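sequence and computational prediction follow.
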There are 2 protein chains.
Amino acid sequence: MEDVATNNVVVEASNGPDNAKFLKRRGSHRQNGVIQPLLTDLYQITMAYAYWKAEKTSDCAVFDLFFRKNPFHGEFTIFAGLEEVLKFLENFHYSDSDIEYLRETLPQSVEPAFFDFLKNLTADEITVYAIDEGCVAFPKIPLLRIEGPLIVAQLLETTLLTLVNYASLVATNAARYRIAAGYTVQLLEFGLRRAQGPDGGLSASKYAYLGGFDGTSNVLAGKLYQIPVKGTHAHAYISSFTDCKELKRRTIKHKDTQEEVDFIDLCRSWKEKLTPGLDVLREEASDGELAAFASYAIAFPDSFVALVDTYDTAKSGLLNFCAVAMALNDMGYQPQGIRIDSGDLAYLSTMARQKFEQIAEKFDRDWFRGLTIVASNDINEETIWSLNEQGHQINCFGIGTHLVTCQRQPALGCVYKLVEINHIPKIKLSEDVEKVTMPGMKDVYRLYGADGHALIDLLVQTGEDSPKAGSKVLCRHPFHESKRAWVSPAKVEPLYHKYWKDGVICRALPQLSDIRQRVTDSMKTIRQDHKRNLNPTPYKVAVSDRLYHFIHDLWLENAPIGELS
Amino acid sequence: MEDVATNNVVVEASNGPDNAKFLKRRGSHRQNGVIQPLLTDLYQITMAYAYWKAEKTSDCAVFDLFFRKNPFHGEFTIFAGLEEVLKFLENFHYSDSDIEYLRETLPQSVEPAFFDFLKNLTADEITVYAIDEGCVAFPKIPLLRIEGPLIVAQLLETTLLTLVNYASLVATNAARYRIAAGYTVQLLEFGLRRAQGPDGGLSASKYAYLGGFDGTSNVLAGKLYQIPVKGTHAHAYISSFTDCKELKRRTIKHKDTQEEVDFIDLCRSWKEKLTPGLDVLREEASDGELAAFASYAIAFPDSFVALVDTYDTAKSGLLNFCAVAMALNDMGYQPQGIRIDSGDLAYLSTMARQKFEQIAEKFDRDWFRGLTIVASNDINEETIWSLNEQGHQINCFGIGTHLVTCQRQPALGCVYKLVEINHIPKIKLSEDVEKVTMPGMKDVYRLYGADGHALIDLLVQTGEDSPKAGSKVLCRHPFHESKRAWVSPAKVEPLYHKYWKDGVICRALPQLSDIRQRVTDSMKTIRQDHKRNLNPTPYKVAVSDRLYHFIHDLWLENAPIGELS
């Protein structure tokens, strides 16, 4: 990543009244991490040169960015990545070193004037309409509509796809985990170590939170995006303690009275008292584990969570945890709970809850019943559905690999298609009817029923009258003549908003936590049968009657000559 | 990402003679992108505090970083990510703003002195032994051995895993594609738009190249890592041209004579001549496509590759390409070939080659036979094996989604395990014997047979005599008493090298292209049956007799009391 040098160059290159604007812009971007315009496919640049050489610099185009299929065999997608797209547009500019690299890399025959052209490019003449970030979205409905100079719009393709594809995929995955786990269970993202590269990890943490997770273990994501961070200790922490004798630090002060006592002795005496009730032999419970728990409790007396499966959850971890928890409570602190990272999570969590209840009963400590049980260990969506079926006592899931790498489908297939050039709509035909593009500039409306649920998304030609609440509108399948219905919506919501025009972000960008709330709100408007795990009903996406005829007339004009295929 | 501010802090904190060294170090790191130490799991920091509070700051530890299973149902893995690990160590330092964030985030009860301790931490007391980057590696054999202060070694865990896991996964995936495609076919990485985040894309490009790819479409990866970049044009480029009439730029100069002619007329006349031989109707072949190809050829006369499937490969794209290629050749240029991005790649590539041969024959243009055929479109390893079986005429594969997201297994499960603390070896027991760790500090040797193939990797205790070429050595399965064999190696290679000590990288780091060569060389030493796609033979990994007994004695000491389970 480049820093000061690059930015100086930018500032020097922009003389006149815009200088101050540039300065401010670059400044704010450096803080949040800049996506460089060379993060793209080379063919965008070779195309730019071919367009330039063909004197198509004043051609204007419209591109749609959309996906064709919901991920994970589901019937919904959460749109995410918009803020990063807009920040990329704000910053879109080739640095001197970028130009130098391109000059060395492209064929010798490329004319020098093209590099001067590239050097002065910005996204200021581009206009972007988009669905709000965090909204539920559906196949074929463009998430972004990009209008402006053909060359610039084409140059944006790869980076926009990169920024939207993974963000939306992870957000959708997170929303699915949330549905599986329910709304009372905590979900934490623990995936950094298995993520696809360092920034794969950062993006995963950000968009898992956006999609409905409660926090992350990723500290940098916490710092950069103000996401709650969570974490306790690893097996190595437990293993690094051999026994209580080795401990140099044994005391703790009472939270209120500040009286200092030997905490290790207190833990040991609780271990003695608790052993009979927990059906374990005292000598089976590791003394090193007790030392580790006690030390951790001394360090974090008010947020004590213990990893209980290093030796044996039933025979060692639970007893040691309960002993330290009772000792902490004697000292005026409130222990939080346990984490289980292996074994049969349904059985172990239920067994742990029973022990907690027994202790609560026997020692008259009601808070012991409600201790948190965190489960981790290679959990995926299916694991959660299976645990739900078996019954479990888990309050919090820590989810890593499968969430961040999106095991079931590691990429969302967003595409970026030309739909209009110099005000002439373009259709891309394909033998696969699903791949035929919707030509021309379009707007999109979501129609709601009287119960508040979304009924259908309707694509219309830009310039058509918008559908009206209370009036019936003909909604057609884009390709099947016979599939059509009159819909009379109780509410009509235009899904597109102008986000970028004349070089500025022209709609307020909410905080990440507000986008997260939008996901929840937007998901509530989607009927349950679209969201269920098994055989969900497809949500309907339609075109207006006018757009339908327009598509098919244009198709006919462009149909191949020759035999019927 | 932070920049100047962070680095100033570092420099200010390092007084005395080391100042210059620090300045130099930080300078070089900023250029290559800095991985920040907060890119970690919070529990590393909470553990650090608990250790600090327990006065374990002078405890020393040894950790092994290894994986338990080769990815993709294969029997080998390419180790990658080492250079980034070492650069991370060089730069390991918490900035003031990191400390500030941690102060706000950790519980109020954390003592202020801990933050002073964190602020002064570096990785200077850490020693790292590692296998060379780009070497073939196998399960259970640690890729890295990290020794040093417990707290620092623990704090490195997540970042080291993040840097090694995905790098090694993608490099291994790339090496598998290389085996499938053979060594005469070009492999290009086209995955940026589907990668897991912007840096997921960058890492993918880098490590796909390392693993054996020939180039990438990712321009930033080309710039940062000096990887060859490749690219032509997209379907949108073709669609953006309506017909030849619209073209403003029609001429091209002859490469040698500089004579300028109307290139469009020349292309059209070749189209007339070629139509009869290609079994197509001239009016079926899109005039817009011809305009697009001709314009692209005018821009890149010496590197003309055309995407031929926008309308119809057989009925339009091939004819238009051949016309432009012949016209280019008339003008003294050498066209390169075509790209096919849809349809039956075996059939279409074979058909295209036949047409090329017909034209070569009919017009006596021998170079036409050998034109390059590039294939893309959702290609994975299986597609290549299937194409090989069917027969194809593809010279180059462009591979995206499946390569970069590692569809078959999107994460490598490297772990980081404590094996020694204060010179006392530690064993982590598990009901799953595969998860039992190898205790203590170990070295590793690769034993080769007389034919140059690797026979077995042997783990020994550090301090044991190394195996000698020509002398027999007992190699034992770590857990099965009866599985053992005497091996008499023709050559013995110590796999570990000291890469990091006293705060400096102490072994030369090769260029990326040299590491790529190492992958090729290292793969050659592995027997074919370990590398094959279907049911490959597992490569053997063994322990010395002394290590075997050491493991099992320690296991017994730590075995649980109670019934046999």
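Everything's here; your move.

what are the ranges of the strands in the stretch 351-500 of chain A?
Using DSSP state E, counting those that start in this stretch, the strands of the stretch 351-500 of chain A run over A:372-375, A:396-399, A:415-421, A:424-425, A:442-448, A:454-461, A:473-476, A:484-487, A:491-494, A:497-501.

gap between the second one and the chain center?
Spelled out, it's strand A:396-399. Remark: strand A:396-399 is offset 16 Å from the chain centroid, using C-alpha atoms, centre = their mean, to the nearest Å.

who's in contact with that strand?
Under the criterion C-beta atoms under 8 Å, 6 or more residues apart in numbering or on different chains, residues A:177, A:181, A:185-191, A:213, A:217, A:339, A:372-376, A:379-380, A:384 lie in contact with strand A:396-399. Every residue, glycine included, has its C-beta placed from N, CA and C.

ChimeraX command for the buried members of these?
In ChimeraX, a selection of the buried entries from these looks like this (16 or more other C-beta atoms under 10 Å in any protein chain shown):
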select /A:177,181,185,186,187,188,189,190,191,213,217,339,373,374,375,376,379,380,384
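
please list which of the contacts of strand A:396-399 are also close to chain B.
Contacts with chain B within these, counted by C-beta under 8 Å from any C-beta of the partner chain: A:190, A:217.

related to what we said a few turns ago, ranking the strands of the stretch 351-500 of chain A by burial, who's on top?
Mean neighbour count (mean count of other C-beta atoms under 10 Å in any protein chain shown) peaks for strand A:396-399 among these, with a mean of 24.

the strands of the stretch 351-500 of chain A: which one's closest to residue A:109?
Among these, strand A:415-421 comes nearest to residue A:109, with 26.3 Å by C-beta to C-beta.

now for the closest one, which elements pack on it?
strand A:60-66, helix A:157-181, helix B:235-239 (3 or more C-beta pairs under 8 Å, 6 or more residues apart in numbering or on different chains; DSSP states H and E).

and the residue nearest to residue A:353 when sequence neighbours are not counted, how close does it get to chain B?
Distances taken as C-beta to C-beta, 6 or more residues apart in numbering or on different chains put residue A:393 closest to residue A:353, at 3.8 Å, once the chain neighbours are dropped. Distance from residue A:393 to chain B, counting by C-beta to the nearest C-beta, to the nearest Å: 22 Å.

what's near enough to touch residue A:393?
Contact analysis of residue A:393 by C-beta under 8 Å, 6+ apart lists A:349-350, A:352-353, A:373.

so how far is residue B:218 from residue A:38?
Counting by C-beta to C-beta, to the nearest Å, the separation of residue A:38 from residue B:218 is 9 Å.

please say which of the two ends up with more neighbours.
residue B:218 (35 against 23; other C-beta atoms under 10 Å in any protein chain shown).

excluding chain neighbours, what is closest to the more buried one?
Distances taken as C-beta to C-beta, 6+ apart place residue B:205 nearest to residue B:218, at 4.1 Å, with adjacent residues excluded.

got a pLDDT number for residue A:315?
Note for residue A:315: predicted pLDDT of 92.

hmm, it is touching residue A:286, no?
No: the pair residue A:315 / residue A:286 is not scored as a contact, 9.1 Å apart, by C-beta atoms under 8 Å.

of these two, give the one with the bigger neighbour count.
residue A:286 (25 against 18).

where does that one fall, phi/psi-wise?
Main-chain dihedrals, residue A:286, degrees, to the nearest 10: phi -60, psi 130.

ok, residue A:220 next?
phi -70, psi -40.

now do stretch A:395-410: distance to the chain's middle.
How far stretch A:395-410 lies from its chain's middle: 11 Å, per C-alpha atoms, centre = their mean.

before we move on, what about stretch A:445-455?
Offset of stretch A:445-455 from its chain centre (C-alpha atoms, centre = their mean): 25 Å.

also stretch A:209-229?
11 Å.

and residue A:371, how many neighbours does it have?
Other residues lying near residue A:371 total 23 when counted by other C-beta under 10 Å.

repeat for residue A:119
Counted with other C-beta under 10 Å, residues neighbouring residue A:119 total 16.

report the separation between the closest residue to it other than its chain neighbours and chain B.
Leaving aside its chain neighbours, residue A:119 sits nearest to residue A:99 (5.4 Å; criterion: C-beta to C-beta, 6+ apart). In this view, residue A:99 and chain B are 11 Å apart by C-beta to the nearest C-beta.

element containing residue A:99?
Assigning secondary structure by DSSP states H and E places residue A:99 in helix A:96-105.

run through the neighbouring helices and strands of whatever helix or strand comes next after that helix.
Sequence order places helix A:112-119 as the next helix or strand after helix A:96-105, per DSSP H and E. Judged by 3+ C-beta pairs under 8 Å, 6+ apart, helix A:112-119 is in contact with helix A:42-53, helix A:96-105.

quick one on the thing from earlier: so which of the contacts of strand A:396-399 are in helices?
With helices taken from DSSP state H, the overlap with these comprises A:177, A:181, A:384.

now do the contacts for the last one.
Counting by C-beta under 8 Å, 6+ apart, residue A:384 touches A:177, A:180-181, A:397.

from those, which two are the most distant?
Greatest spatial distance in the contacts of residue A:384: A:180 and A:397, 9.3 Å, computed using C-beta to C-beta.

one step back: so which of the helices and strands packed on strand A:415-421 is nearest residue A:90?
helix A:157-181 (12.8 Å).

what about the closest residue to residue A:454 other than its chain neighbours, distance to chain B?
Using C-beta to C-beta, 6+ apart and skipping residues adjacent in sequence, the residue nearest residue A:454 is residue A:525, 4.9 Å away. Counting by C-beta to the nearest C-beta, the gap from residue A:525 to chain B is 29 Å.

go ahead and confirm residue A:525 touches residue A:136.
Yes: using C-beta under 8 Å, residue A:525 makes contact with residue A:136 at a distance of 7.4 Å.

show me whatever sits in contact with both of those two.
Common contact partners of residue A:525 and residue A:136 (C-beta under 8 Å, 6+ apart): residue A:454.

the two: which has the busier surroundings?
When residue A:525 and residue A:136 are compared for neighbours, residue A:136 comes out ahead with 25 against 17, by other C-beta under 10 Å.

how far away is the more buried one from residue A:453?
Counting by C-beta to C-beta, the gap between residue A:136 and residue A:453 amounts to 12 Å.

what sits in contact with each of the two?
A:525-526.

re the thing from before, export the strands of the stretch 351-500 of chain A as a markdown table, with columns for mean pLDDT.
Converted to a markdown table, the strands of the stretch 351-500 of chain A look like this (pLDDT from 0 to 100):
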| stretch | mean pLDDT |
| --- | --- |
| strand A:372-375 | 98 |
| strand A:396-399 | 98 |
| strand A:415-421 | 96 |
| strand A:424-425 | 95 |
| strand A:442-448 | 98 |
| strand A:454-461 | 98 |
| strand A:473-476 | 97 |
| strand A:484-487 | 96 |
| strand A:491-494 | 98 |
| strand A:497-501 | 98 |
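
now do the contacts for residue A:505.
Residues near residue A:505 by C-beta under 8 Å, 6+ apart: A:86, A:90, A:499.

same question for residue A:340.
By C-beta under 8 Å, 6+ apart, the neighbours of residue A:340 are A:308-309, A:313, A:348-349, A:352, A:373-377.
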